[in-house]
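*Asks:* Provided below are the primary sequence and the corresponding predicted coordinates.
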Amino acid sequence: MSGAISKIVGGALLLASVASAAQAGGLERGGYNWDLLFEPGRFASEAGAIYVMPERRIKNAVDTNPRDGLGSNGIGGGATSVDETPDYTVPRFGVKVGLTDDADCLASYAEPWGVHTDPGYDWVGANQNIETKIRSHDYGLTCSYRFDVGKGQLRAIGGVSYQEVSGFKRRLVLGPAIIQGALGPAAAGFDGSGLLDLEADGVGWRVGAAYEIPEYAFRASLIYNAEIDLGQINGTVDLTEIPGVMAGALRNPFVGRITDVYGTATMPQSVQFNWQTGIAPDWLAFGTVKWVDWSVLEVIAFCPTSTKSLGSCGPSSPFRLTSLDLMFQDGWTVSAGLGHKFNDQWSASAQLSWDRGTSTGLTTQTDTYLLSSGVAYAPNKNVELRVGGAVGMLTSGSYGPTACPGNQTCGTDVSYDFGDDLVTALSISGKVKF
């Protein structure tokens, strides 16, 4: 059984990565993956990419107040159905080195968090979102030490990560018809949108343990990943698409200029339990249970940096200029699958996954069901290639008014529905080991 473990697990781990990228609750993209740490031998490196194709479509959109949107005279303007989420790619890279017979370290690069919604300018909800994009870069070092316990080996695991997060959100702030009505021909070239740009970084840590019995291809691991405090998020709010001469009439001194802003946020802690076991010669069962504390991200307020000495910037701050309204609930992911080794070169696996949606009414991230499969090919003992794919369903829901901190209501700008939508994904990766 032990000779089959790495071949079968190779395809199985590919599926775990595909599922994480395709289900993407909260701001999750690639998530965290330390499986290369368990690769036998003194050296292993892996690189891969996942291409995800979600087909989430907004339907039946209604602008709550048409007069502040694209229309004029109380008549709404723009489409009521739009595609929300473009395709995206999630890369990853890792190098594992065995320092001694029992100590291993993994250096990794990943993009754990991210989101990209792009319904565009020409829809009735442009005052809620034109385009939002969050990106991340995680540079990690994770090490482990093994020692004999009973029939197997117990592995202590620990590590750190440095993480960078950046992004932007553009939305309609003032209807173009209002600008046109106030300034006439002088309004040409102004679309009334505003742009929030942000960036931050932080350091986090992880700790865990794993127990392995190679004879039975058995492994169980539990890893806790601590939250990452991003500290002060720095950014700007750009309102230059609204003529500065309207600042007085609008009683908004930030109109017509770019303003430095700041906010605070914490990326969530998580706990992940992975298991696998041989169930027959050349057959492996495996699965995952993961919890992510997405509820730490509710309303991320941004205030002018010039007001920092006057008080903290929160959802109820009198200095709040704008915000990212998320109101996530905690995420749960459960998956299980089977892998089979056909011969020394070929193995395959298949997996079913369920991800509980993190939306409480302000996003389209509802429950996701996914079927994924993959094939691993090892032309020799030093090289392994993997390809995989997935198909799943993004379940239906709606967007609309939702209770927010400070006795406020978020999501009052537009309401819409979305049905059961398709998501597909493709993956490719390669590994070199010796």
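*Replies:* Nice, thanks for sending it over.

*Asks:* now residue 241. Its backbone dihedrals?
*Replies:* Dihedral angles of residue 241 (phi, psi; degrees, to the nearest 10) stand at phi -80, psi 0.

*Asks:* swap in residue 243?
*Replies:* Note on residue 243: backbone dihedrals following degrees, to the nearest 10 are phi -60, psi 130.

*Asks:* again with the one 4 residues further on
*Replies:* Reported as degrees, to the nearest 10, the phi and psi values for residue 247 are phi -60, psi -40.

*Asks:* so how far is residue 197 from it?
*Replies:* From residue 247 across to residue 197, the span is 21 Å (CB to CB, to the nearest Å). Just so you know, the C-beta spots here come from the backbone N, C-alpha and C atoms, and that holds for glycine as well.

*Asks:* one more: residue 222?
*Replies:* Residue 222 is 38 Å from residue 197, by CB to CB.

*Asks:* also residue 168?
*Replies:* Distance, residue 168 to residue 197, using CB to CB: 5 Å.

*Asks:* list the contacts for residue 86?
*Replies:* By CB atoms under 8 Å, 6 or more residues apart in numbering, the residues touching residue 86 are 116, 118.

*Asks:* recalculate using a threshold of 10 Å.
*Replies:* Contact analysis of residue 86 by CB atoms under 10 Å, 6 or more residues apart in numbering lists 52-54, 56, 116-118, 131, 133.

*Asks:* what's the closest of those residues to residue 35?
*Replies:* The nearest member of these to residue 35, counting by CB to CB, is residue 52 at 19.7 Å.

*Asks:* identify the contacts common to residue 168 and residue 197.
*Replies:* Joint contacts of residue 168 and residue 197 (CB under 10 Å, 6+ apart) are 235-236, 238.

*Asks:* which SS class is residue 359?
*Replies:* Classification of residue 359 by DSSP: H, G, I helix; E, B strand; the rest coil places it in coil.

*Asks:* which residue packs closest to it, ignoring adjacent ones?
*Replies:* Using CB to CB, 6 or more residues apart in numbering and skipping the chain neighbours, the partner closest in space to residue 359 is residue 365 (4.6 Å).

*Asks:* mind telling me what element the one you found is part of?
*Replies:* Under DSSP states H and E, no helix or strand contains residue 365.

*Asks:* what sits against it?
*Replies:* Residue 365 is in contact with 23-28, 56, 85, 115, 294, 326, 328-329, 331, 355-359, 394, 397, counting by CB under 10 Å, 6+ apart.

*Asks:* please indicate which of the residues you listed are buried?
*Replies:* Applying 16 or more other CB atoms under 10 Å to the contacts of residue 365, the neighbour count classes 23-28, 56, 85, 115, 294, 326, 328, 331, 355-359, 394, 397 as buried.

*Asks:* surely residue 221 and residue 209 touch.
*Replies:* Yes. Contact criterion CB atoms under 10 Å: residue 221 and residue 209 qualify, at 7.1 Å.

*Asks:* more neighbours, the two?
*Replies:* Neighbours were counted for residue 221 and for residue 209 using other CB atoms under 10 Å; residue 221 has more, 22 against 15.

*Asks:* and the more buried one, what's its pLDDT?
*Replies:* For residue 221, the model assigns a pLDDT of 96.

*Asks:* that one should be in a strand, yeah?
*Replies:* Yes. According to three-state DSSP, residue 221 belongs to a strand.

*Asks:* just the helices in the stretch 151-300 of the chain please.
*Replies:* 176-183, 247-250 (DSSP state H, counting those that start in this stretch).

*Asks:* need the winner for burial among those.
*Replies:* Highest mean neighbour count among these (mean count of other CB atoms under 10 Å): helix 176-183, with a mean of 17.

*Asks:* can you list the buried residues in the helix or strand harbouring residue 424?
*Replies:* Secondary structure from DSSP H and E places residue 424 in strand 421-433. Within strand 421-433, the residues scored as buried using 16+ other CB under 10 Å are 421, 423-427, 429, 431, 433.

*Asks:* and it, what does it pack against?
*Replies:* When contacts are defined as 3 or more CB pairs under 10 Å, 6 or more residues apart in numbering; DSSP states H and E, strand 421-433 sits against helix 5-23, strand 43-54, strand 88-98, strand 368-380, strand 383-394.

*Asks:* now tabulate these in a markdown table and tack on distance to residue 32 and mean pLDDT.
*Replies:* Below are the helices and strands packed on strand 421-433 laid out as a markdown table (distance: least, CB to CB, whole Å; pLDDT from 0 to 100):
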| stretch | distance to residue 32 | mean pLDDT |
| --- | --- | --- |
| helix 5-23 | 9 | 62 |
| strand 43-54 | 14 | 94 |
| strand 88-98 | 10 | 95 |
| strand 368-380 | 18 | 92 |
| strand 383-394 | 19 | 92 |
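
*Asks:* just name the most buried of these.
*Replies:* Most buried of the helices and strands packed on strand 421-433, by mean neighbour count (mean count of other CB under 10 Å): helix 5-23, with a mean of 26.

*Asks:* for residue 232, which residues count as its bridge partners?
*Replies:* Beta bridges link residue 232 to residue 264 when assigned by DSSP bridges.

*Asks:* tally of neighbours for it?
*Replies:* There are 13 residues near residue 232, going by other CB under 10 Å.

*Asks:* on that earlier part again, which one among the contacts of residue 86 gets closest to residue 405?
*Replies:* Nearest to residue 405, judged by CB to CB, of the contacts of residue 86 is residue 117 at 22.6 Å.

*Asks:* can you give me the neighbour number for that closest one?
*Replies:* Neighbours around residue 117, by other CB under 10 Å: 19.

*Asks:* from residue 169, how far out is it?
*Replies:* For residue 117, the distance to residue 169 - CB to CB - is 9 Å.
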